[in-house]
Structures are given as structure tokens and as C-alpha cells.
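Peer 1: Sequence below, structure please.
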Amino acid sequence: VKHCEMSSKKILKTRFIQSYEDVFDGNVPSDSAKAERFWDELFLLKVNQEYIHKVFTGFGVDTLMEKSDVVHGLIKQCIFKLKDDNDVRVSNAIITLCVVISSTVDLHPERSGYSIMDILFGHSFMETTGNMFVDGIVSNLSLLRQQSINTLALSLLVVLCSAFENPNSNGFIEMFMETPIFDKLMELASPKLSATNTNRRLVMFLLSLLTHYRKHETPNPYITSLQALTDELQLHSLSSTMTIQLASRTNIWTQKTADDPSESFFTSISSFVSTMFVAPDVFETRVHVGDCGSALLLLYQIVYTHPHALEVLSFTRVYELAKEMEHGGQEDANDEPQETLKLKKQPTNLVASLISFTSFIMHDTDPENELFTTLAFVITTIMCEDEHMNAYLHDPNIKVPVALRKAKMRHRAAETTVSVRGPLALGLFDLCVEYCVSHMKRNMNTTTYMFVLNTVHRLLCHQKKQRVRLVYDWSVLWSTMTSFFKFTTQNISNFPEDVDPFLLLSKGVSIMNLFITYGDTFLPDPATYDNLYYELIRERAVFEGIVDVATRYSLQNVFPASANALLADMSNIRDIISHFSQKVEAWQAVNKDETIGQETVFEIVRENYDSLTLKLQDNLDTYDRYVEHPQYLSLFSQVARHVAHSSMPVFLTTNRPHTTEKK
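Peer 2: From the prediction side, this is the model:
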């Protein structure tokens, strides 16, 4: 029996390969009836994906162009079979299309001056079979089809949307702008129908690219449909999919790093000595955004345009969705990694997952991670501009696990902590502080830094407006800001010529001025406000350095407007330092034999508030809301390219559909 089974498999494989050799040798029967039977039988055979991939990549671009008639004929037969009555033929046709297209993409035909569409479909494709192709795919997105067919149809769409290096030049995506499929996609991701995690992830990927396709050039129907989406279950489904995608990856990284044994004293000494000669790795365990990029890209679009973004961001009980799937009974036990199943046993939400995910990727020096780190802080900036979202971030009753990765630096070891505390704004402040502390380098990403500072500023504006007294170690933030000021002023000559460093410095100074002018309305107690003034006095040299640099550059006519604006912003800080420094010096003159201590300085500060005169600076608690300016187009273009590149499958694994024919 075993020998017979092996012989049967060998015959089946040989028959498939022989049939394809006949196709490429031009030996398909010329008689229409025989040809139809040939194709019908071929698409009943299980697709040998490895063989097709090997054949197409082995041909090369030039050979494929020489065999264009054969290739176009194969593609056309696949398109015909998309509406076949037999689900096995439909399944095999979709798999064949996926493998052929992805294999051709591997050849990078654009480098040889060819288009993928021209190689596989021909110049007249849109006029002849384009509509039939779209209709065939759409028909297999129907809920009336088997779920495995739905999954394959979504996979084919993923392959099509990933087929071009630049998604904005992707003619396949253009076809689905003319025939929008937003409603179909949302139906397949609906928890009402016990959608599989695979389907939901595929839908998320597709929406991330479809909503960003040439949106600055022409109206995008997917953005319009996304904005109009009000179904609570569908919004929760999107939220859960993005949350699981980000949190499951973070969960893996946390498990790898949180259990690291603490360094001994001698290990720390050895590490310090070694870093005197070799720069330390900021993150010893490499992390890659991978397919999580589509979650960030879609999240950005929702936060930026959707009127009910809070509904998506705040949906917390992910395990409820798992419970619905258990009752639905259609979830495949192998449909998701074990990390996700473990994750669903604890509550989490998209905000916590975003903070935790960002804290890992921002420490990896890969250019892809830098892109998505910038995107993450764009998202947090927009989040903190929304009144309702800010109220949610500052709700002390919202307590979910938040992981924070701290990079290895010369004065500390790498560390991963997981804390459950409320409100979530605490985790967001920690994230921003950690980015600033760990990214002070000569080639600093000024765009990301600005969004980090914008996030901090918007959080503080909300606290001032609503008089929210957050219990936080503000001295850590102030110390971080002064370190940032010191580093920037000392390395200001290293900034690129087209980057204005005074805009960054002004944003940081505005944050300090917000504490100075309005700190009594949102700092937890008077002692914290006293500590603010103590830090300003203690770091006097840093702030004098800001004034010196701004003065020098304004006289040199290098960014004179922003340099002069910075000087104006520094007026109150200068007055504070001057006023209290004089009081300290007067005390020292009287008490020559005593060393002044911290408590004495605090006492001097408290006793001399009344004699301090400050200017009421305008617009400290206001800001220009985020808008997609043309300067950000390059960022989103690069992000979309990475998303498309990271999601191109070559071989598909799926359950074979039932062999019963439709009646």
C-alpha cells in the first residue's frame, strides 16, 4: 500500500510538470474542445508551487518576454478559472496567479525597463481581460464562497498590491480604485462571521496600502469609506487585529530581553572599559518591523482621518474577540502563533501596544525601523491633539501592561520593564524621555525628535487646560531636556545645512516655559514647582549656552528669524536664573564659612518668588495641528514601499477547498 501511495504521488507530480512543459513548449491542443479539457484537467491538479517558481525565475525577464504569448495564455486561463464552478479549479488558479506574479517580481523586471503588467498580462490587458480579472477576484471575496477561497482571493490581492516597488505606480491597485472593494474586505474581517486571524491580517495589509494610494493626487475611495465606517464591531475588529499584530511581536521581544540576567559589578566594569574603545550596540537583539508595518500605516490613517479613532484605540479586551471565535467554531487552532494565544489571556489595547512596540523598534539602527519610529511618533502627536483621546490617556483607571525597552548606554545596561499602572500618559512620557536620552547623536533624526517633543507638548497642554495633576517624576523630563539642550548647542555645527536646529531648541524651550508659566496648575505639589526652579538654577551654564549660540547665529545671519525667536523665548528663563543666582550669591556672601546645600537653595527660591517678575508669554499652550504637509510625502512613500516589500509571499499554504461543485 505504501509503495502504491508513493507511486501515485510520483505520477501526480510528473503529470503536473509534464502538463506545464507542454504549455511552455506550445504543445497545448489546438482543438478548442481538447484545449478546454486540457486546462480543466490541469487546474484540478495540486499546484507544484516550487516548480513554477523555479521555472519563472530560471527563465529570466528576457526569456519571459520572448515567451509572452505562452505566459499571457497561461494567465488568461487562470483568469477564466476564477469563476469556475469547481472550487478546486478556482483555488489552483488563484495559487498559480500568486506564484507566477511573485516569482516574476523576484526578477525585478523594472530594472530591465519592463513592467510586470506587460510581461504577464500584455499591453492590451486592461482593454481585454482587465475587467474580467477584477470581477473574478471580487466574486471570490463573496461570503457565499468557502472561507479558504476567500483567504486565497485576499492573498492574491496582497500579491497584486505588493507587485511594484513603488505602490503609487502600481496599476493593479488602480484597478481596485475604479472598482472599490472596501465593503467586501470589511465583511471578511467581521467578527460576526468568525473571520480567521489570517483573513483579518490580510485585510489590514490591503487597507494600509489602498488608503495611501496616490491620496495626495486624487480622491481615494478607501479613505472616504474608512471615515464613514461606524459599525462598532468592525472598528473593534480592526483594533484587535492591529493590537494583536503589534503586541504579539512585542511579546516575543519582551520575553527575549526581560529575562536577561542582571550584570554583576565586574561585568559592568568590563562593559564600561570595552565601550571606551568600541561604541555599544543600542540593541543586542535585532528587531524587525516586518509585517507589523501595515498595522502602523493603517493606524496612522485611522488616527488622522477617522472621527471615531478613540473607539479603535481604546478597545481593550482583546480576549473578548477570542471568546467570540471559540463560540463561532470556525477558527483554525493553527491560525495564529502561540505568542498571540498567550497574549489574549491578558487585557491590552492599541495605545499600550503602540507604546511598547515603539520602545523596541526605536533602538534598532536599521533604516526601516527609523522610518516606522518616525511614523509612530507622528501617530502619538495626532493622538494627543484630540480632546477625548487626551482624556482617555489621562484616565487613572485605565491600567494595562506597557513594556519599555531601555537601550544599552555607557552609563547603564540594557533593560526591559513591564509595568501595569495608570494612566497611559505615564508610559507615553517614559517613551518620549527614553527616545530623547538614547538618540542624542550627531546624525540625529530631527524630524522624529520634533514629533517626540510635539507629543510631550500636547500632553502638557491638555494637563494645563484640564488641570490634570499627573503624579510623575518630572525631574527626569527636565533633566532630559537640559541634556538635549546641551548636546544640541555643542553639536550645532554638525547639523545639515538645510536643517534649522533653532526650531528644535524653541520647541524644547516652549516646554520648559509651559512648566514655568503654568506649572502651578498641573504639577502635583508646590515642592515639584520649587524643584523646577532649582533645576534651572543648577543647569545655568546650559541655558546660557543656548543664548550664546542663538546670539552668534543671529549675528551671522544663519537662520536669523528662528534664532531671534529662540532668544525671545529664553527671556523668562534668563530672568529666573539671573534673579535667583543673585539671591544665592548674596546668601553666600553673608555665610562665607558655610557650604550652600540643596535645601538652602529651595528655601531661597520659596522666599523670593514674590520679587520675581516674569513676562506673560503668548501661545505657550497652543499649537498648530498636524497636517500632511508635502514635506512628509517622502516619509509615507518610503513607509508604503517597506510595507509592500515586507508582505510579498512566494508560496501559499492553505487548506484545500471541498471538492463538491456548486449547484
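
Peer 1: sec struct for V418, please.
Peer 2: Here V418 is strand, with the state taken from DSSP: H, G, I helix; E, B strand; the rest coil.

Peer 1: Give me the distance between it and T348.
Peer 2: V418 sits 11 Å away from T348, going by CB to CB, to the nearest Å. For glycine as for every other residue, the C-beta is placed from the backbone atoms N, C-alpha and C.

Peer 1: Does S506 touch D569 like I think?
Peer 2: Yes - using CB atoms under 8 Å, S506 is in contact with D569, at 5.7 Å.

Peer 1: that older thread, which one's more surrounded, V418 and T348?
Peer 2: Applying other CB atoms under 10 Å to V418 and T348 shows that T348 carries more neighbours, namely 25 against 13.

Peer 1: so what's the more buried one scoring on pLDDT?
Peer 2: If you check T348, the pLDDT there is 84.

Peer 1: beta partners for it?
Peer 2: R317 (DSSP bridges).

Peer 1: Tell me who's in contact with it.
Peer 2: 243, 247, 316, 318, 400-401 (CB atoms under 8 Å, 6 or more residues apart in numbering).

Peer 1: can you list the weak-confidence ranges in this protein?
Peer 2: 1-13, 112, 193-195, 258-286, 317-346, 647-663 (pLDDT under 70).

Peer 1: top helix in it by residue count?
Peer 2: Ordering each helix of the chain by length in residues (DSSP state H) puts helix 232-258 first.

Peer 1: quick one: contacts for the nearest residue in space to F315 that is not next to it in sequence?
Peer 2: Nearest non-adjacent residue to F315, counting by CB to CB, 6 or more residues apart in numbering: S239, 4.2 Å away. S239 makes contacts with 311-313, 315, 349-350, as judged by CB under 8 Å, 6+ apart.

Peer 1: can you rerun that using 6 Å?
Peer 2: 312, 315, 350 (CB atoms under 6 Å, 6 or more residues apart in numbering).

Peer 1: Please report how far it lies from S571.
Peer 2: 46 Å.

Peer 1: now do Q588
Peer 2: For Q588, the distance to S571 - CB to CB - is 26 Å.

Peer 1: cool, and C384?
Peer 2: 27 Å.

Peer 1: ditto for A414
Peer 2: 41 Å.

Peer 1: likewise D500?
Peer 2: From D500 to S571 the distance is 20 Å (CB to CB).

Peer 1: And those two? Which one has more around it.
Peer 2: Set side by side, D500 and S571 show more neighbours around D500, with 18 against 14, by other CB under 10 Å.

Peer 1: Does the more buried one touch A563 like I think?
Peer 2: No - if you go by CB atoms under 6 Å, D500 and A563 don't touch, sitting 8.9 Å apart.

Peer 1: How are the strands of the stretch 301-450 of the chain distributed by residue range?
Peer 2: 400-406, 415-421 (DSSP state E, counting those that start in this stretch).

Peer 1: Work out the gap between the last one and the centre of the chain.
Peer 2: Strand 415-421 sits 21 Å away from the centroid of its parent chain (CA atoms, centre = their mean, to the nearest Å).

Peer 1: neighbouring contacts of that strand?
Peer 2: 254, 257-258, 399, 401-406.

Peer 1: and the spatially most central residue of the chain, helix, strand or coil?
Peer 2: Closest to where the C-alpha atoms of the chain average out (CA atoms, centre = their mean) is L296, at 3.0 Å. Recorded secondary structure, L296: helix (three-state DSSP).

Peer 1: Tell me how far it lies from S162.
Peer 2: Taking CB to CB, one finds L296 at 17 Å from S162.
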